[in-house]
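Trainee: With the sequence up front, the predicted model follows.
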Amino acid sequence: MSAVLASMDATFRERLWKKFIVFIPYLWLLLFFLTPFLIVFKISLADPLVAQPPFTPLFQKSVETGLSIYTTFDNYLYLFQDSLYLVTYINSVKLAFISTCFCLLIGYPIAYGIARSPQPTRNILLLMVVVPFWISFLLRVYAWMGILKTKGLLNGLLLWAGIIDQPLELLYTDTAVYIGMIYSYLPFMILPLYANLEKLDIRLLEAAADLGARPWKVFKDITFPLSIPGVIAGCLLVFIPAIGEYVIPALLGGADTLMIGRLLFDEFFMNRDWPVASAVAIVLLMLLVLPIVYFQKRQNQELLEQQ
């Protein structure tokens with residue numbers, strides 16, 4: 001009898017420990033995602049106020065009505081009434097999407113080359129991908145200002161080689177923003193692609209080659225379809241932070257380079273309009289989260305259908 005009770009106690013403790021392990025990620029999400037989201041959402045339902053903090057409180061107390069809850073959706077309506085916000089959202093999506101596409105086009109061959117290289121060389125190549133993270137992100141963007149300016153390194157090299165007759169206006173343009181974003185986020189594309197391609201069974205490629213398939217057909221029918229999870233992971237890791245980027249557009253972009261990150265900074269610190277800035281952030285979050293949730297749901301449905 002005691003042995004049965006001891007076994008039941010051990011089973012109970014094992015289940016309790018498993019539930020605790022699963023609970024930790026949910027607790028992390030609650031503290032560092034849901035709580036800040038609710039705070040920002042609360043501010044987005046307030047009115048701007050010349051005070052500290054610069055918005056009306058959620059709970060208001062008066063002699064006539066007593067304790068009441070005050071909310072307004074005027075900030076969200078204002079976003080749709082002013083075309084500036086719509087243009088900024090569209091421009092942010094455009095810049096992030098094009099940067100993600102270029103990161104994929106550049107990062108995929110690099111990741112494939114690293115995955116197919118010998119082991120000692122592979123480690124060195126991976127180190128070269130990660131090395132830029134050892135330097136401050138801000139310093140790396142400042143370095144690109146020195147490279148892209150009118151009398152910078154790139155124009156000097158092109159003039160010396162005789163490729164151009166006069167310096168190119170690269171700095172403070174969308175081109176500079178694309179260059180900065182591709183350079184900054186390229187490792188986030190390479191690493192998940194490498195992790196996926198490195199696990200690819202080389203025997204499948206060899207079998208296809210033995211059956212007479214050309215290299216391009218092997219890549220199209222075997223390599224790329226099997227690397228789709230890595231492509232999706234890399235694209236999400238690049239697109240999500242790129243759409244809300246602030247530092248790169250602020251330093252490399254011109255006055256006409258409108259992005260959500262820059263708009264949020266102006267609303268929070270220049271205009272001191274925290275409710276409108278919070279509404280902008282909430283709408284951006286919905287634009288990012290809803291497609292990801294939909295895609296995840298579609299993937300789960302496909303997995304269930306395959307089973």
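Mentor: Perfect, I can see it now.

Trainee: And for Leu237, nearest residue in space, chain neighbours not counted?
Mentor: Phe188 (4.2 Å; CB to CB, 6 or more residues apart in numbering). Where C-beta positions appear, they are placed from N, C-alpha and C, glycine not excepted.

Trainee: where does that neighbour land in three-state SS?
Mentor: When classified by DSSP: H, G, I helix; E, B strand; the rest coil, Phe188 comes out as helix.

Trainee: Surely it and Leu236 touch.
Mentor: No. At 9.2 Å, Phe188 does not count as touching Leu236 under the criterion of CB atoms under 8 Å.

Trainee: The two: which has the busier surroundings?
Mentor: The neighbour comparison of Phe188 against Leu236 (other CB atoms under 10 Å) goes to Phe188, with 22 against 17.

Trainee: Can you tell me, leaving aside adjacent residues, what's nearest to Thr71?
Mentor: In space, Thr71 is closest to Leu45, 4.1 Å off (CB to CB, 6+ apart).

Trainee: Quick one: residues contacting the residue nearest to Leu237.
Mentor: Contacts for Phe188 were tallied using CB atoms under 8 Å, 6 or more residues apart in numbering; they are 103, 234, 237-238, 241.

Trainee: Buried among those? Need that as a selection in ChimeraX.
Mentor: Selection of the buried residues among the contacts of Phe188 in ChimeraX, burial being defined by 16 or more other CB atoms under 10 Å:
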select :103,234,237,238
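
Trainee: so of the contacts of Phe188, which ones are in helices?
Mentor: Within the contacts of Phe188, residues falling in helices by DSSP state H are 103, 234, 237-238, 241.

Trainee: of the residues you listed, closest to Ser136?
Mentor: Pro241 (16.4 Å; CB to CB).

Trainee: How much space separates the closest one from Phe97?
Mentor: 13 Å (CB to CB, to the nearest Å).

Trainee: rounded to a whole number, what's the mean pLDDT of stretch 200-218?
Mentor: When pLDDT is averaged over stretch 200-218, the result is 80.

Trainee: Please write out the alpha-carbon positions of that stretch in PDB.
Mentor: Taking Å, rounded to 0.1, in the frame of the first residue of the first chain, the C-alpha atoms of stretch 200-218 are listed here in PDB:
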ATOM      1  CA  LEU A 200      18.500  19.100 -44.500                       C
ATOM      2  CA  ASP A 201      19.200  15.500 -45.400                       C
ATOM      3  CA  ILE A 202      21.900  15.600 -48.100                       C
ATOM      4  CA  ARG A 203      20.900  12.100 -49.300                       C
ATOM      5  CA  LEU A 204      17.700  13.600 -50.800                       C
ATOM      6  CA  LEU A 205      19.700  15.900 -52.900                       C
ATOM      7  CA  GLU A 206      22.100  13.200 -54.000                       C
ATOM      8  CA  ALA A 207      19.200  10.900 -54.900                       C
ATOM      9  CA  ALA A 208      17.600  13.600 -57.000                       C
ATOM     10  CA  ALA A 209      20.900  14.200 -58.800                       C
ATOM     11  CA  ASP A 210      21.300  10.500 -59.400                       C
ATOM     12  CA  LEU A 211      17.900  10.400 -61.000                       C
ATOM     13  CA  GLY A 212      19.000  13.100 -63.500                       C
ATOM     14  CA  ALA A 213      17.500  16.200 -61.900                       C
ATOM     15  CA  ARG A 214      19.300  19.400 -62.700                       C
ATOM     16  CA  PRO A 215      20.600  21.500 -59.800                       C
ATOM     17  CA  TRP A 216      18.000  24.200 -60.300                       C
ATOM     18  CA  LYS A 217      15.200  21.600 -60.300                       C
ATOM     19  CA  VAL A 218      16.600  20.000 -57.100                       C
END
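
Trainee: All good on my end, thank you.
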